[in-house]
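Enquirer: Provided below are the primary sequence and the corresponding predicted coordinates.
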Amino acid sequence: MPARTKEQSMQIPADLLTTLIDPRTVISGDRVQVPFELDPALYKRLNNMLKDIGGRWDGRKAVRAHVFPFPVEEFMRACLAAGAWPSRFDQGWYPTPPAVAFDMLEHASIRVGHTVLEPSAGTGSLVQRAADQMGIVDCVEIDPRRAHVLRELGVARQVIQGDFLDLDPAGIAEPYDRILMNPPFSDAIGHVMHALGFLRDGGTLIAVMPESINWHSDRKAVEFRQLVTDVEGDVIPLPDDAFLSSGTRMRTVLLRLDAEPGGPLPTHDWHQRQPLQLDLFATV
C-alpha cells in the first residue's frame, strides 16, 4: 500500500463529501451525526476521517455521534467548502474563527477603496469580511482546492494560487494599504516579515500569531520582538480558546503594525528607498 502523502491526507473523497453534505447529516455544536445507515466500508472511512480531525465516536443512545473537543460547525463548513481537511499529517491550516476575524477587521479600519492583501487566504474567512467593508482584496492561497473556493466566492480582485513566500514584493505595481493574515503558525514570523514587503508606508498589518512569539529565545524571535518594540507595535492577547473551533488549543495573539512613513519597518517603500541610500554611500 503506497504511503499516504500530505496532499492525499487532506482530500475528502466524493462519497464522504456527499454523506457529510446530505441534509440529513447533523453538524452542530461539538458533534457530527449521520442518522442514516451507511455501507460498512463507507462508514469505516468516514470514521477514520472524523477521528483524524479530532472526533471520537460516542455510541451512547442519547448521543450516537462523533464528538469533538471543540465546536466543530464552523470548522467543518470550511472543510466541506474546500473539499479537504487538515489532518494530523497537515496541521498548518486553521480557519480564522468569526470572533477573531471580527477583531482583526476592527483593528484594520478598512476604508472604501483600500487595497487589502490576504497572504494565506484559506477559504475566505477574512477575504469576505474585508470585501464587505468595501476593500479591494487580493489573496494568495497555496492549496489549489481552497484557491478554487476563493474564486467561487467572487469577492477578490485577484486570487493567486501558490506559495506566498515565493512571491517577490518588488514585482507588484502598487503596495497595499492593509494586510490581514492568519499565517501558518510554524513560521508565522517569516510570513509576517515577508508580508511587510507588500505594505505601503502609512499602511497597517494585522496578523494572528502564536503566543510563543512573546517568549521564544531563538534569534529570529528576539529580533522580531525588538522590531515590534521599536515601531511601537501592539501585541494583543486573544482568549486561550480563540482557535478551539478550528481544531487547535494553541494560544494566539493579534499583532498590529502601523507603518509610519520613513520608519524602520521593511515595507515596500522602505525597500524602494534602499538603492538610493546605497548610491549615496557609493559616492562618498
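Expert: Here it is on my side, so go on.
Enquirer: contact partners for the residue nearest the centre of the chain?
Expert: Against the mean C-alpha coordinate of the chain, by CA atoms, centre = their mean, the closest residue is N182 at 3.6 Å. Shown in contact with N182 (CB atoms under 8 Å, 6 or more residues apart in numbering): 94, 96, 100, 120, 122, 125-126, 207-208. To be clear about C-beta, it is placed using only N, CA and C from the backbone, and glycine gets the same treatment.
Enquirer: hey, C-alpha coordinates of the strand ranked longest in the chain in CSV?
Expert: Counting residues, the longest strand in the chain under DSSP state E turns out to be strand 199-210. Extracted C-alpha coordinates of strand 199-210, given in CSV (Å, rounded to 0.1, in the frame of the first residue of the first chain):
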residue,chain,number,x,y,z
LEU,A,199,2.7,47.0,2.7
ARG,A,200,2.9,50.7,1.8
ASP,A,201,4.2,53.3,4.2
GLY,A,202,1.2,54.6,6.2
GLY,A,203,-0.4,51.1,5.9
THR,A,204,-1.4,48.6,8.6
LEU,A,205,-0.7,44.9,9.0
ILE,A,206,-2.9,42.8,11.3
ALA,A,207,-1.8,39.2,11.9
VAL,A,208,-2.7,36.2,14.0
MET,A,209,0.4,34.8,15.6
PRO,A,210,1.2,32.1,18.2
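Enquirer: quick one: which of the contacts of N182 sit in helices?
Expert: 100, 125-126 (DSSP state H).
Enquirer: which of those residues lies closest to W85?
Expert: Using CB to CB, S125 comes nearest to W85 of these, at 15.7 Å.
Enquirer: for that closest one, which non-adjacent residue is spatially closest?
Expert: Closest residue in space to S125, ignoring its immediate chain neighbours: T96 at 4.0 Å, by CB to CB, 6 or more residues apart in numbering.
Enquirer: which residues are contacting stretch 58-71?
Expert: Stretch 58-71 is contacted from outside by 26, 29-33, 35, 47, 50-51, 53-57, 241, 244-247, using CB under 8 Å, 6+ apart.
Enquirer: pLDDT, neighbour count and distance to I110 for the ones in helices among the contacts of N182 - can I get that in CSV?
Expert: Listed next are the ones in helices among the contacts of N182 as CSV, based on pLDDT from 0 to 100; neighbours: other CB atoms under 10 Å; distance: CB to CB, whole Å:
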residue, pLDDT, neighbour count, distance to I110
V100, 95, 23, 16
S125, 88, 21, 15
L126, 94, 26, 11
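Enquirer: format these as CSV; extra columns: distance to D15.
Expert: Below are the ones in helices among the contacts of N182 laid out as CSV (distance: CB to CB, whole Å):
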residue, distance to D15
V100, 33
S125, 27
L126, 32
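Enquirer: give me the distance from the strand or helix carrying V253 to the chain's centre.
Expert: Here V253, judged by DSSP states H and E, is contained in strand 252-258. Relative to the mean C-alpha coordinate of its chain, strand 252-258 is positioned 14 Å out (CA atoms, centre = their mean, to the nearest Å).
Enquirer: list the strands paired with that strand, with their directions.
Expert: strand 199-210 (antiparallel), strand 234-237 (antiparallel) (DSSP bridges).
Enquirer: about what we covered before: tell me the one among the ones in helices among the contacts of N182 nearest to N214.
Expert: Among these, and counting by CB to CB, the member closest to N214 is V100, at 17.6 Å.
Enquirer: list the residues that contact D22.
Expert: 34, 36.
Enquirer: now it: how far from S186?
Expert: 35 Å (CB to CB, to the nearest Å).
Enquirer: quick one: the helices in the stretch 51-200 of the chain?
Expert: 73-82, 98-108, 125-132, 144-153, 188-196 (DSSP state H, counting those that start in this stretch).
Enquirer: for the last one, name the packing helices and strands.
Expert: Judged by 3 or more CB pairs under 8 Å, 6 or more residues apart in numbering; DSSP states H and E, helix 188-196 is in contact with strand 176-181, strand 199-210, helix 219-230.
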